[in-house]
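Attaching a predicted model along with its sequence, questions to come.
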Amino acid sequence: MSKLLHIQASPRKDRSHSRAIAAAFIEAYKKANPSDEIVPVNLFDMDLPAFDGLAVQAKYAILHGKDHSGEEQLAWQAIEAIIEQFRSADKYLFSIPMWNFSIPYRLKQYLDVIIQPGYTFSFSPEEGYKGLVLNRPAAVVYSRGGAYGKGTGAPGFDKQEPYMAQILGFMGFTSISSIVIEPTLAAGPDAAAACREAAIAEATEIGSGF
Ligand SMILES: Cc1cc2nc3c(=O)[nH]c(=O)nc-3n(C[C@H](O)[C@H](O)[C@H](O)COP(=O)(O)O)c2cc1C
C-alpha cells in the first residue's frame with residue numbers, strides 16, 4: 001500500500017480550480033489504486049510552524065554541531081514533525097494557484113520548513129548538494145488567472161512552475177508531471193470552463209497511471 005500526500009496550496013476550498021483538478025486526479029488514482037492511502041495536507045488550515053529566528057537558530061546549531069537549547073529543541077521538534085510527514089509519503093500531488101507570478105506564501109513557508117540539510121537534501125564539499133527524497137513521483141497542478149504558455153508573450157513572468165521544478169529537483173525528485181489550468185480569470189468564464197475541462201481530462205489520465 002502506498003501513501004499519496006496531497007499538498008493543497010489554495011485557501012479557496014471548494015471554489016478552488018487547482019483543488020478541483022487535483023480531485024479529478026485523485027478520483028482516477030483511487031480507481032487504479034483502491035487500497036492506497038491519500039493524505040490531504042491543507043497548508044492554510046494546518047498549524048504550520050513559523051520559520052522564525054528561533055527555528056533558524058536551531059537549524060544553524062545543527063549545522064555547527066552544537067546542542068540545542070530547550071527552546072530550540074521545542075522549535076525543532078515542530079519542524080521535524082512536518083518533515084517526517086512529508087518524508088513518509090511514497091507519492092506527491094501538489095495543487096498550487098499562481099499568486100503574484102509565483103507560489104502562495106504558505107507553500108513557501110512549508111518549503112522553508114521541510115527543505116533541511118540531512119533531511120531532504122545533503123551537502124558535502126566532495127559531492128556538493130544531493131537530494132534525499134528519491135525514487136518518488138510528484139504531480140503538480142498549477143492554476144493561473146492569466147495565461148503564460150507558449151505564444152502568450154508572457155512565459156517569462158511564470159515564476160511558479162520553474163520554481164517548483166527547481167526546488168523539487170533540489171530535493172531529489174526526477175519524475176514530475178505538470179498539469180496547468182489557465183486562464184481561469186483573464187479570458188472570461190467560457191475560456192475558464194474550457195481550460196478546466198482540458199485540465200480535468202489530463203489529470204484523470206495522469207492520475208490513473210500515477
Ligand atoms: C493573491 C492572489 C494573487 C494572484 N496573482 C496572480 C498572478 O500573478 N497571475 C495570475 O495569472 N493570476 C493570479 N491570481 C489568480 C489566480 O492564480 C487564479 O484565480 C487561480 O485560478 C487560483 O487558483 P485556485 O482557484 O486554485 O485558488 C492571483 C490570485 C490571488 C488571490
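Received, thanks. These numbers were taken from a predicted model, which means no experiment stands behind them. Numbers count the residues shown, from 1 in each chain.

Could you use CA atoms for every contact and neighbour count after this?
OK.

Residue numbers of the chain in contact with the ligand?
Applying Cα under 6 Å from any ligand atom, we find that the chain lies next to the ligand at 10, 12, 16-19, 97-101, 143-146, 184.

switch to 5 Å and redo it
Taking Cα under 5 Å from any ligand atom as the criterion, the neighbours of the ligand within the chain are 10, 16-18, 97-101, 143-146, 184.

Dump those into TSV; add neighbour count and distance to Ile114 as well.
As requested, those are exported to TSV (neighbours: other Cα atoms under 10 Å; distance: Cα to Cα, whole Å):
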residue	neighbour count	distance to Ile114
Ser10	25	19
Ser16	18	25
His17	27	26
Ser18	30	22
Pro97	27	20
Met98	21	21
Trp99	15	21
Asn100	12	23
Phe101	17	22
Ser143	27	23
Arg144	24	25
Gly145	19	28
Gly146	18	30
Thr184	21	30
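
all strands of the protein, in order?
Per DSSP state E, the chain carries strands over the ranges 3-8, 37-42, 91-97, 121-124, 128-131, 138-143, 176-181.

What is the last one packed up against?
Counting contacts by 3 or more Cα pairs under 8 Å, 6 or more residues apart in numbering; DSSP states H and E, strand 176-181 is packed against strand 138-143, helix 188-208.

ok, back up a step: got the strands of the chain as a markdown table, with distance to Gly53 and mean pLDDT columns?
As requested, those are exported to a markdown table (distance: least, Cα to Cα, whole Å; pLDDT from 0 to 100):
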| stretch | distance to Gly53 | mean pLDDT |
| --- | --- | --- |
| strand 3-8 | 26 | 98 |
| strand 37-42 | 25 | 98 |
| strand 91-97 | 27 | 98 |
| strand 121-124 | 22 | 96 |
| strand 128-131 | 25 | 98 |
| strand 138-143 | 31 | 98 |
| strand 176-181 | 33 | 98 |
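
Let me know which of those is the nearest to Gly169.
strand 128-131 (7.4 Å; Cα to Cα).

Packed most tightly, which of the helices and strands packed on strand 176-181 would that be?
For these, average neighbour numbers computed from mean count of other Cα atoms under 10 Å are highest in strand 138-143, which has a mean of 24.

and that one, what does it pack onto?
helix 17-32, strand 91-97, strand 176-181.

can we see that at 6 Å?
The contact analysis (3 or more Cα pairs under 6 Å, 6 or more residues apart in numbering; DSSP states H and E) places strand 138-143 against strand 91-97, strand 176-181.

Save these as JSON lines, and put in distance to Glu71 too.
Shown next, in JSON lines, are those (distance: least, Cα to Cα, whole Å):
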{"stretch": "strand 91-97", "distance to Glu71": "32"}
{"stretch": "strand 176-181", "distance to Glu71": "38"}
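
Show me which of these has the highest average neighbour count.
Stretch with highest mean neighbour count among the helices and strands packed on strand 138-143: strand 91-97 (a mean of 24; mean count of other Cα under 10 Å).

Alpha carbons of it, as PDB, please.
Extracted in PDB, the C-alpha atoms of strand 91-97 (Å, rounded to 0.1, in the frame of the first residue of the first chain):
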ATOM      1  CA  LYS A  91       4.000   9.800  -4.000                       C
ATOM      2  CA  TYR A  92       3.100  13.500  -4.000                       C
ATOM      3  CA  LEU A  93       0.400  15.700  -5.500                       C
ATOM      4  CA  PHE A  94       0.600  19.400  -5.200                       C
ATOM      5  CA  SER A  95      -2.200  21.800  -6.100                       C
ATOM      6  CA  ILE A  96      -0.900  25.400  -6.400                       C
ATOM      7  CA  PRO A  97      -2.500  28.600  -7.500                       C
END
